[in-house]
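In: Okay, here's the prediction I keep looking at, along with the sequence it came from:
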Amino acid sequence: MKVNIMRDGVVVAEQLSKNFVSGDGTPTVVFNDLSFVAAGGAMTAITGPSGCGKSTLLYCLSGLEQPSQGNVWVLGEELTKKNQRNLALFRRSHIGFVFQSYNLVPSMTVRDNILLPLTLSHRKVDQGSIDALMDKFHLSGHDNDAASSLSGGEQQRVSLIRTLVADPDVVFADEPTGALDQKSGQLVFSQLRDFSHRPGKCVVVVTHDLRLARQCDVVYTMSDGGFVASGNVEEQA
Ligand SMILES: Nc1ncnc2c1ncn2[C@@H]1O[C@H](COP(=O)(O)OP(=O)(O)OP(=O)(O)O)[C@@H](O)[C@H]1O
């Protein structure tokens, strides 16, 4: 696939490969020669069986991990050419990441965890929008609880609020509904989808839940180190 970065996507990858070398020197190819485009104003899903490389791909697309080969552009900027400092600055200004493992600071309160990215980047805090999201995600009253005292599903929702209130241009979400029951999962997914459809926003989500993937505008299906299908939901049917 030959893509025009300016025309085609907010997140673009070309000829992306990732290998790991294990302790005994054995190389493992996670994926090879992938091309990927996620458009603005849309939600793009990456799905596939456990261990096929979805999280590793998301890490490479978001600049958290360097690919072994290939190039990644986000908002027209080539992440794979940036040094560590510039990459960190770019990520802080433009990218939000919802981690599969939540990545909350366990000893800090829920509210302080949510505020952390804003505090670190000296950004203005819209307390009202935090209150609204806390209410929407059934977390009202938990502001002063230690993050570690919450259930996995509650921590997952706090992690999503923390990402959304920072208002990034691009959100990468790794199994954001993994710890949630169907109803809460749908609530979280709908919130992410609404966010993705706002002008100038883009969401790339990893999910193994096909029911949720089908609600995305475009779905990439991974298997054996490559994409076995990609396209809009109708094309995948
Ligand atoms: N840092 C690492 N070092 C070595 N191998 C790794 C590393 N990170 C991932 N892998 C390997 O890459 C492969 C893909 O892992 P990854 O977590 O990306 O898959 P996944 O599709 O997201 O899985 P799941 O759906 O179970 O979360 C696995 O075989 C994993 O062991």
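Out: Great, that's in hand.
In: Show me which residues of this structure sit near the ligand.
Out: 20, 28, 30, 50-56, 208 (CB under 6 Å from any ligand atom). C-beta coordinates here come from the backbone N, C-alpha and C atoms, glycine included.
In: so can I have JSON lines of those residues showing pLDDT and distance to Ala146?
Out: Conversion of those to JSON lines gives the following (pLDDT from 0 to 100; distance: CB to CB, whole Å):
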{"residue": "Phe20", "pLDDT": "94", "distance to Ala146": "35"}
{"residue": "Thr28", "pLDDT": "91", "distance to Ala146": "38"}
{"residue": "Val30", "pLDDT": "96", "distance to Ala146": "36"}
{"residue": "Ser50", "pLDDT": "92", "distance to Ala146": "31"}
{"residue": "Gly51", "pLDDT": "92", "distance to Ala146": "33"}
{"residue": "Cys52", "pLDDT": "93", "distance to Ala146": "35"}
{"residue": "Gly53", "pLDDT": "95", "distance to Ala146": "34"}
{"residue": "Lys54", "pLDDT": "96", "distance to Ala146": "31"}
{"residue": "Ser55", "pLDDT": "96", "distance to Ala146": "27"}
{"residue": "Thr56", "pLDDT": "97", "distance to Ala146": "31"}
{"residue": "His208", "pLDDT": "90", "distance to Ala146": "30"}
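In: What about those residues, which one has the most neighbours?
Out: Each of these was scored for neighbours by other CB atoms under 10 Å, and Lys54 scores highest at 26 neighbours.
In: Leu34 is in contact with that residue, correct?
Out: No. With contact defined as CB atoms under 8 Å, Lys54 does not count as touching Leu34 (11.5 Å).
In: quick one: common contacting residues for the two?
Out: Common neighbours of Lys54 and Leu34, counting by CB atoms under 8 Å, 6 or more residues apart in numbering, are absent.
In: This structure: strands as residue ranges?
Out: 11-21, 27-38, 42-47, 69-74, 77-78, 95-98, 170-174, 202-206, 218-223, 226-232 (DSSP state E).
In: Now the weakest link among the ones you listed, please, by mean pLDDT.
Out: Lowest mean pLDDT of these: strand 226-232, a mean of 83.
In: That strand packs against which elements?
Out: strand 27-38, strand 218-223 (3 or more CB pairs under 8 Å, 6 or more residues apart in numbering; DSSP states H and E).
In: which ones are touching Ser93?
Out: Ser121.
In: Setting aside sequence neighbours, what's the nearest residue to the residue at minimal distance from the centre of the chain?
Out: In the chain, the residue lying closest to the centroid (CA atoms, centre = their mean) is Phe172, at 1.5 Å. Closest residue to Phe172 apart from its sequence neighbours, by CB to CB, 6 or more residues apart in numbering: Ser62 at 4.4 Å.
In: That neighbour contacts Phe90, correct?
Out: No. Using CB under 8 Å, Ser62 is not in contact with Phe90; the gap is 10.5 Å.
In: who's more crowded, these two?
Out: The residue with more neighbours, out of Ser62 and Phe90, is Ser62; 21 against 16, by other CB under 10 Å.
In: The more buried one: what's it in contact with?
Out: Contacts of Ser62 (CB under 8 Å, 6+ apart): 74, 91, 95, 97, 170, 172, 204.
In: gap between the closest residue to the first one other than its chain neighbours and Leu57?
Out: Taking CB to CB, 6+ apart, and ignoring the residues beside it in sequence, Val74 has Val11 as its nearest neighbour in space, at 5.4 Å. Computed with CB to CB, to the nearest Å, the distance linking Val11 and Leu57 is 11 Å.
In: list residues touching both of those two?
Out: Phe36.
In: Between these two, tell me which one has more neighbours.
Out: Per other CB under 10 Å, whichever of Val11 and Leu57 has more neighbours is Leu57, with 27 against 23.
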